[in-house]
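Peer 1: Predicted model and sequence follow; I will ask about them next.
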Amino acid sequence: MSALDVKALSIFIKSSVTQDMIHKLVVATLQVLPCEQDTKVATITGANGKVRSLPSLMTFLTKLVRYTNVYAGTLMATLVYLNRLKNRLPKNAQGLPCTRHRILLSCLILSSKFHNDCSPKNIHWAKYTDGLFSVQDINLMERQLSFLLNWDLKVTNEQMVDQLDSFLQPIKEDLINSAKVRKFLQKQQLQQKQKLQQQQQQQQQQHLHASPSITRSSSNSSTLSLHYRNPSTSSNESFSDSSPEIMPVSQKVYHSQGMAPTLVQNQIDPVIEMTALKEEQGLSQMIQQLTAVRR
């Protein structure tokens, strides 16, 4: 049994009881053993001694589910008991018209008592049958089923997964699809992050190439240099190395800190603006792709 089966089973047992679950239990009960078939409507003597018509298994189980508000896990665990009972009964076993009702009810009672800390008492189960069975009947059928099952009431996850494959398959498909969507989103986020890092690196390189470098050059050097001249000197005369340089206050701060001067602009950098627009477009495309996948 895989981890996917366990997760799907944990989701299933917390779900609400559906009509498909009740139908599957009725079919499994009909396959336990053959019963006598009357040409007329089957009858049974109720707890009050009056003869009553025997309801169908579907109606009988639907009322029990409504009265008890049983959990899906507790209800569907009876499938394991029904299959276990079928394998233990003799091949030539045959029951009365009400035998299947007794089997289904006793399996549900044992499952409820074994898997829940708080379970209805037999006197309550007798009321849930609308007087079809008395408390003495329920006590007897509970002891008989426990004896036939050899008091083995344990239900494993493997047995539940084997019996509930048709119900677990859609849940597993949803889990797989959800995992694919998460993986796709993570991949998109990683690509966006890598793309943003590349853009930032390109911006840094462009910024370094665009920044002017301040160097001192001799009279014979052809390298472009920036000089700040003293107004008292002639326009063609540059300061010597020993002459103090006159710098703006902002450039003196950069010079004292060993940093290259940069131009301060009040306008928004067009490269940063373009990066923000591309990021917004990427997020919009990712949301559209996620919406299309969920549909």
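Peer 2: Arrived safely.
Peer 1: Could you point out the helix or strand that follows the helix or strand hosting Y81?
Peer 2: Element membership for Y81, per DSSP states H and E: helix 78-88. Heading C-terminal from helix 78-88, the first helix or strand you meet, by DSSP H and E, is helix 99-115.
Peer 1: quick one: low-confidence parts of the stretch 101-250 of the chain?
Peer 2: Within the stretch 101-250 of the chain, the ranges that satisfy pLDDT under 70 run 211-250.
Peer 1: Strands along that one, start to end?
Peer 2: Applying DSSP state E, counting those that start in this stretch to the stretch 101-250 of the chain gives no strands.
Peer 1: who touches the residue nearest the centre of the chain in this structure?
Peer 2: Central residue of the chain (Cα atoms, centre = their mean): L175, 6.3 Å from the mean position. L175 sits next to L4, K7, A8 when contact means Cβ atoms under 8 Å, 6 or more residues apart in numbering. C-beta here means a position set from N, CA and C on the backbone, and glycine is covered the same way.
Peer 1: follow-up on the earlier one: can I get the helix holding Y81 in CSV, CA atoms only?
Peer 2: Only the C-alpha atoms of helix 78-88 are listed here, as CSV (Å, rounded to 0.1, in the frame of the first residue of the first chain):
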residue,chain,number,x,y,z
THR,A,78,-18.6,-3.3,7.6
LEU,A,79,-17.5,-4.3,4.1
VAL,A,80,-14.6,-6.1,5.6
TYR,A,81,-16.8,-7.9,8.1
LEU,A,82,-19.2,-9.0,5.3
ASN,A,83,-16.4,-10.3,3.2
ARG,A,84,-14.9,-12.1,6.2
LEU,A,85,-18.2,-13.6,7.1
LYS,A,86,-18.8,-14.8,3.5
ASN,A,87,-15.5,-16.7,3.5
ARG,A,88,-16.3,-18.4,6.9
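Peer 1: Specify the angle between it and helix 99-115 in degrees.
Peer 2: Put simply, helix 78-88 runs at 120 degrees to helix 99-115, going by axes from the mean of the first three to the mean of the last three Cα atoms, to 10 degrees.
Peer 1: what does helix 78-88 contact?
Peer 2: When contacts are defined by Cβ under 8 Å, 6+ apart, helix 78-88 is touched by residues 24-25, 28-29, 31-33, 103-104, 107-108, 110-111, 145, 148-150, 152-153, 155, 159-160, 163-164.
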